[in-house]
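> return a 3D structure for these sequence lines:
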Amino acid sequence: MIAAGPALTPPAEGVTLFVRGFGMNRRQIMAAAAAALAGIAGPAASAARARFNPRNLEGVWDLGSYTELERPPGVDHLVMTPAEAEAYEAPRRAMHGMLPGKPNEVGQVENEWTDRGEGLTRIKGQIRASTIVDPPDGQIPYRPEMKGLAGGRGPALSAAGDLDNPETMGGTTRCMATVASGAPILGAPDANVVQFVQTKDALAIVSEKYHDVRIVRLCPDARAAAAMPRDPPAWMGTSAGWWEGDTLSVQTDGFHPGIMAKGQRVLISGATRVAERFTRISPAELHYEFTVEDAKLLTRPWRGETIIHAAKGRLFEYACHEGNYSMAGMLAGARREEREAAEGRLSR
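Residues are numbered from 1 along each chain as shown. Okay, here's the model as predicted:
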C-alpha cells in the first residue's frame, strides 16, 4: 500500500545499513534503520530535552494509540480500569495495536505495516476508551441523513457517497486526505508520524502520510486571527493560531466545498470549523484538544483529546498508490453494473 523513500533528514555520518533479502517490507526496513540512527543521536536528543520550552512545539511526533476515535462497541464509559485496559490491549500487541485477521479474510492486517503506539491513551492517569470525550457516548453526532456517508465500523471505513464516481470517493481512496493531516489531527493504523516546524510567524505541521503540510499562521491574539485574510478553499482549510499562556490555540475553517471523508468516519465540509489547543506538557508529550463544529453535518459539536508523543524514529517519504489500481477497478466495476442494469440482467 505504501512505499517508503529516503529519510527526509540525512543519516548520521559514518553509518551504513546493509539489508539482504525480503524478510521485512520496505517500511519496516526504514523504521529499523531510523531506530538505529536515533540511538546514535541520543546525546543530542537529551540536550534538546534539557532545553525544554513549553512554547516550542518543534519536533517529530507520533499520533499512534490503541485508543480509537469513537468508543468501541460494548464499552459505555470513557475511562477504563487497568483490568479493562489489559483485556483490550493484550490481543492487539502482536499486531502493533490491531486485532489479527479473522478466518477467511485475506490477511491484510498480518501483511501490512501497522503501528499504533504502545497502548491505550493515558491522560492524567486516566486510561481512555475513546479520543472523543463529548458527546458522552463517544460517537460523532452526525445528522441522520449524513450517517450513511460516514460509513460503518471496521478497519476499511470507506467513502463519502458511493464508489461509482471518483468525485464522491473518500479522501483516503483518492490519496488526497488523511486523518493525520489537516484539522483535527488524528491517528490511524499506519503512518502516524508528523513533524512540527515552528518560526515566530508560523507553525508548519508536516504529515508523513501523503506528505501534506498545513501552515498555521501565528497571530498576536484571537481577534487578529479572526480578522486574518482567508486563503482560497482547500482540503486542509485555513489555520490561524495565537498563544494563550503556554497553549497554542488554532482555528481552522475555509475547507473545500462539498463533503470529504478523511477516514475513521470523519467527514469535513465547507462549513466545518475546528478549534484546536496544543500544550507541550513535557519534552516528549503534547496535550492535544479539539472541537469540531458543522451545522450541515452534525446535530451538535464534538470534542476530543489525546496525548501526542515524541516519535522514536524519523519522518519518511510516503507514496500512496491506491488510485493507480483500486480506483480504476472500482470504476470499471461500476460501469459494468450500469451496463448490466440497462440490459436487465443485473443481479445483486
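
> longest helix of this protein?
The single longest helix within the chain, with elements called by DSSP state H, is helix 322-342.

> check the offset of that one from the chain's centre.
In terms of C-alpha atoms, centre = their mean, to the nearest Å, the centre of helix 322-342 is found 28 Å from the chain centre.

> just for the stretch 1-150 of the chain, where's the confidence low?
Scanning the stretch 1-150 of the chain for pLDDT under 70 picks out 1-51, 105-108.

> sorry, back to before: what mean pLDDT does the longest helix of the chain have?
Mean pLDDT, helix 322-342: 82.

> for the remainder of this discussion, apply numbering that starts at 493.
Fine by me, first position is 493 from now on; the one you just mentioned is helix 814-834.

> buried residues, stretch 710-729. List them.
The neighbour-count check on stretch 710-729 (16 or more other C-beta atoms under 10 Å) flags Leu710, Cys711, Ala717, Trp727, Met728, Gly729 as buried. C-betas here are computed from N, CA, C, even on glycine.

> distance from the chain centre to it, please.
Chain-centre distance of stretch 710-729: 22 Å, with C-alpha atoms, centre = their mean.

> which stretches in the stretch 543-692 of the chain count as helices?
Ranges of helices within the stretch 543-692 of the chain are 574-581, 600-603, 639-642, based on DSSP state H, counting those that start in this stretch.

> then the stretch 693-840 of the chain?
714-719, 814-834.

> what sits against the closest residue to Gln631 other than its chain neighbours?
The shortest distance from Gln631 to any non-neighbouring residue, by C-beta to C-beta, 6 or more residues apart in numbering, is to Glu562 (5.3 Å). By C-beta atoms under 8 Å, 6 or more residues apart in numbering, the contact list for Glu562 reads Ser622, Thr623, Ile624, Gly630, Gln631, Ile632, Gln756, Arg757.

> ok, Glu562 to Val758 distance?
10 Å (C-beta to C-beta, to the nearest Å).

> common neighbours of the two, please.
Counting by C-beta under 8 Å, 6+ apart, the common neighbours of Glu562 and Val758 are Ile632.

> returning to that earlier point: now the helices of the stretch 693-840 of the chain in JSON lines, with distance to Asp738?
JSON lines is the format used below for the helices of the stretch 693-840 of the chain (distance: least, C-beta to C-beta, whole Å):
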{"stretch": "helix 714-719", "distance to Asp738": "16"}
{"stretch": "helix 814-834", "distance to Asp738": "40"}
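
> one step back: pull out the buried residues from the longest helix of the chain.
Met819, Met822.

> quick revisit: which of the helices of the stretch 543-692 of the chain is buried the deepest?
Compared across the helices of the stretch 543-692 of the chain, helix 639-642 shows the largest average neighbour count, a mean of 16 (mean count of other C-beta atoms under 10 Å).

> which strands or helices does that one pack on?
Secondary-structure packing of helix 639-642 (3 or more C-beta pairs under 8 Å, 6 or more residues apart in numbering; DSSP states H and E): strand 751-753.

> tally of neighbours for Gly762?
16 (other C-beta atoms under 10 Å).

> that one and Met590, how far apart?
Taken as C-beta to C-beta, the span from Gly762 to Met590 is 33 Å.

> what's the closest non-adjacent residue to Arg620?
Using C-beta to C-beta, 6+ apart and skipping residues adjacent in sequence, the residue nearest Arg620 is Thr613, 4.5 Å away.

> that older thread, how about the helices of the stretch 543-692 of the chain in CSV, adding distance to Pro681?
Below are the helices of the stretch 543-692 of the chain laid out as CSV (distance: least, C-beta to C-beta, whole Å):
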stretch, distance to Pro681
helix 574-581, 15
helix 600-603, 8
helix 639-642, 18
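
> tell me which of the ones you listed lies nearest to Met752.
Closest to Met752 of the helices of the stretch 543-692 of the chain, according to C-beta to C-beta: helix 639-642, at 10.1 Å.

> please save the CA atoms from the closest one in CSV.
The C-alpha trace of helix 639-642 is given here as CSV (Å, rounded to 0.1, in the frame of the first residue of the first chain):
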residue,chain,number,x,y,z
LYS,A,639,-24.7,8.8,8.8
GLY,A,640,-24.7,6.8,5.6
LEU,A,641,-21.9,9.0,4.2
ALA,A,642,-19.7,8.4,7.2
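
> hmm, back to that, out of the helices of the stretch 693-840 of the chain, which gets nearest to His779?
helix 714-719 (19.6 Å).

> show me what that closest one is packed against.
For helix 714-719, the packing partners by 3+ C-beta pairs under 8 Å, 6+ apart come out as strand 730-736, strand 739-745.

> so what touches it?
Arg709, Cys711, Ala732, Gly733, Trp734, Ser741, Gln743.

> one more time with 10 Å
Residues from elsewhere that reach helix 714-719 (C-beta atoms under 10 Å, 6 or more residues apart in numbering): 708-711, 731-734, 736, 741-743, 745.

> please pick the buried ones from these.
Val708, Arg709, Leu710, Cys711, Ser731, Ala732, Gly733, Trp734, Ser741, Val742, Gln743, Asp745.
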